[in-house]
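Q: when you get a sec, could you give me coordinates for this:
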Amino acid sequence: MSITNKQWFGLPLHLLWGYIAIAVFMTGDGFELAFLSHYIKELGFSPAQASFAFTLYGLAAALSAWVSGVVAEIITPQKTMFIGFVLWCVFHVLFLVFGLGHANYPLILLFYGIRGFAYPLFLYSFIVVIIHNVKSENASSALGWYWAVYSIGIGVAGSYIPSFTIPLVGELGTLWMALFFCLAGGLIAMISLRKVQTPTHMHNLTTKEKFNELGRAITLLYTNRSIMYSSMVRIINTLSLFGFAVIMPLMFVDELGFTTSEWLQIWAAFFFTTIFSNIFWGIVAEKLGWMRVVRWFGCLGMAASSLAFYYVPQYFGHNFGMALIPAIALGIFVAAFVPMAAVFPALEPRHKGAAISVYNLSAGLSNFLAPAIAVVLLPYFSTIGVVIAYTTLYIIAFFLCHFIRVEQPGFESAVRVADDVTVRAS
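A: Below you'll find the model as predicted:
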């Protein structure tokens, strides 16, 4: 498979429309992120019930994320993205009509949970496309752009647009608008990626061999210790992102007096920051080292900014400007985990699909565990208990990074060359 070097600040130009498709699709998927928990509560359900809906959604997403990498290599990423695209659209309609439309909690859980299974098939299969079409030494910056367009979609457009549409058409009307974006993103991906080269080495495997490769996405967790530690770090990575989307609307709107639109704009500022920080850290990690950036800027930065996201608004009250400061800090440091997407396939170069599946599983588990932690702790320790739990886990991730041993393509060789020059000079 030929790999092109045509890039613009690390962005693979031959995959440009694929990146655009991710941004558009995730805009629709992100409409609900920062207000759905509050809307479910307004329908008459408790905060714990709203959090549980997100927990179930996250569990389905974790299962889907687990299989997406290997399935994408077995049947091609394009087919996997198509399956995810269709499932999302169908079950989003069912979720709106029979779940939210009738305030039917069991159907909310059923259809929202199944829809949670859909988006990782679309989203994470594109990582397989990137890994197989970009040189390993450029993977960090290419993946930085991937997470940047993800942020543009799910966070910036996905938060700012609802902040203006909710006052006009309401929450349910805004969720219907999401369908348009996901339809557009799916169609762009299907058209633009149809001729992109993707892995074919698994197409001729027997059914048993395909299931063995799928199982490898689990066995790698105990056969490769660095994969196991990397998985833990990746799970911790986005706890605040997914957790704060559930618990902070309740604090900002119900407790501190912010309007839903103000909260959505604060949340959008967080994601707007990640557009630039994802690209920045992706490039910087190729110079400083993947794990150095993750450990010192990702783990410690997220621990500090997670605490600030709670305490700054509590101290200053209904102050929009001050609330933006920790949101921006959170956006800067959450992106320092971007190199983790390159770490996993580098740890298992002969089984990249399985390694990416472990990465995706970890990302999905983060989506699941973040609200799950909230469900368990909120009734007993309120919002601050959840925030402290997230902060503690970021500190634990800092120590886990010490045990991850990965050879970074280009970076390691550059270090050895520099050492050789030094030795010869002496």
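
Q: show me what contacts Leu143?
A: Contact analysis of Leu143 by C-beta atoms under 8 Å, 6 or more residues apart in numbering lists 127, 130, 282, 338-339, 341-342. Yep, even glycine has a C-beta here, placed from its N, CA and C like the rest.

Q: how does it look with 7 Å?
A: 130, 282, 338, 341-342 (C-beta atoms under 7 Å, 6 or more residues apart in numbering).

Q: can you show me the strands along this structure?
A: 7-8, 11-12 (DSSP state E).

Q: neighbours around the closest residue to Ile154 other than its chain neighbours, how many?
A: Excluding the flanking residues, the one nearest Ile154 by C-beta to C-beta, 6 or more residues apart in numbering is Gly30, at 3.3 Å. Gly30: 28 surrounding residues under other C-beta atoms under 10 Å.

Q: hmm, Val156 and Gly30 touching each other?
A: No: between Gly30 and Val156 there is no contact under C-beta atoms under 7 Å: 8.7 Å.

Q: go ahead and confirm Ala303 touches Tyr394.
A: Yes: using C-beta under 7 Å, Ala303 is in contact with Tyr394, at 3.9 Å.

Q: looking at the two, which one has more neighbours?
A: Neighbour count, other C-beta under 10 Å: between Ala303 and Tyr394, Tyr394 has more, with 24 against 21.

Q: got the contact list for the more buried one?
A: 236, 299, 302-303, 306.

Q: hmm, try it at 10 Å
A: 233, 236-237, 239-240, 298-307, 333 (C-beta atoms under 10 Å, 6 or more residues apart in numbering).

Q: between those, which is closest to Gln314?
A: Using C-beta to C-beta, Leu307 comes nearest to Gln314 of the contacts of Tyr394, at 10.7 Å.

Q: just confirm the closest one contacts Val386, I think it does.
A: No: the criterion here is C-beta atoms under 10 Å, and Leu307 misses it with Val386 at 11.7 Å.

Q: Ser261 against Ile161, yeah?
A: No: contact criterion C-beta under 10 Å: Ser261 and Ile161 do not qualify, at 11.3 Å.

Q: out of those two, which sits in the busier spot?
A: When neighbours are counted by other C-beta under 10 Å, Ser261 and Ile161 differ, and Ile161 comes out ahead with 20 against 17.

Q: and the residue most central in space within the chain, how close does it get to Tyr124?
A: Closest residue to the average C-alpha location of the chain: Ala363 at 6.2 Å, with C-alpha atoms, centre = their mean. Between Ala363 and Tyr124 the computed distance is 7 Å (C-beta to C-beta, to the nearest Å).

Q: try Gly215
A: In terms of C-beta to C-beta, Gly215 sits 18 Å off from Tyr124.

Q: more neighbours, those two?
A: Neighbour count, other C-beta under 10 Å: between Gly215 and Tyr124, Tyr124 has more, with 31 against 12.

Q: please name the residues that touch that one.
A: By C-beta under 10 Å, 6+ apart, the residues touching Tyr124 are 61, 64-69, 71-72, 77, 80-81, 84, 146, 341, 356-357, 359-361, 363-364.

Q: shared neighbours of Ala363 and Tyr124, anything?
A: By C-beta under 10 Å, 6+ apart, the residues touching both Ala363 and Tyr124 are 61, 65-66, 68, 341.

Q: any regions of the stretch 51-200 of the chain where pLDDT drops low?
A: Residues of the stretch 51-200 of the chain meeting the criterion pLDDT under 70: 198-200.

Q: all helices for it, in order.
A: 77-94, 105-133, 139-150, 158-192 (DSSP state H, counting those that start in this stretch).

Q: can you redo the strands of the chain as CSV with mean pLDDT, mean neighbour count and distance to Phe403?
A: Shown next, in CSV, are the strands of the chain (pLDDT from 0 to 100; neighbours: other C-beta atoms under 10 Å; distance: least, C-beta to C-beta, whole Å):
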stretch, mean pLDDT, mean neighbour count, distance to Phe403
strand 7-8, 78, 12, 33
strand 11-12, 88, 22, 32
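
Q: could I get these as a markdown table with distance to Met248?
A: Shown next, in a markdown table, are these (distance: least, C-beta to C-beta, whole Å):
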| stretch | distance to Met248 |
| --- | --- |
| strand 7-8 | 35 |
| strand 11-12 | 32 |
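
Q: out of the ones you listed, flag the one nearest Tyr119.
A: Here strand 11-12 is closest among the strands of the chain (C-beta to C-beta), at 22.5 Å.

Q: neighbouring strands - and their directions - for that closest one?
A: strand 7-8 (antiparallel) (DSSP bridges).

Q: neighbouring contacts of the strand it pairs with?
A: 13-14, 16, 134-135, 138, 141-142, 145.

Q: quick check: the two most widely separated of those?
A: Maximum distance among those (C-beta to C-beta): 17.1 Å, for Leu16 and Lys135.

Q: ok so, going back, just the buried ones from the contacts of strand 7-8, in ChimeraX syntax?
A: To isolate the buried ones among the contacts of strand 7-8 in ChimeraX, judged by 16 or more other C-beta atoms under 10 Å, type:
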select :134,138,141,142,145
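
Q: got the contacts of strand 7-8 as JSON lines, with distance to Phe320 columns?
A: Formatted as JSON lines, these follow (distance: C-beta to C-beta, whole Å):
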{"residue": "Leu13", "distance to Phe320": "39"}
{"residue": "His14", "distance to Phe320": "42"}
{"residue": "Leu16", "distance to Phe320": "35"}
{"residue": "Val134", "distance to Phe320": "40"}
{"residue": "Lys135", "distance to Phe320": "44"}
{"residue": "Asn138", "distance to Phe320": "39"}
{"residue": "Ser141", "distance to Phe320": "34"}
{"residue": "Ala142", "distance to Phe320": "36"}
{"residue": "Trp145", "distance to Phe320": "30"}
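
Q: ok, the contacts of strand 7-8 vs Pro47, which is closest?
A: Ranked by distance to Pro47 (C-beta to C-beta), the contacts of strand 7-8 are led by Trp145 at 36.3 Å.

Q: and Leu300, what does it touch?
A: Listed by C-beta under 10 Å, 6+ apart, the contact partners of Leu300 are 333, 336, 394-395, 397-398.
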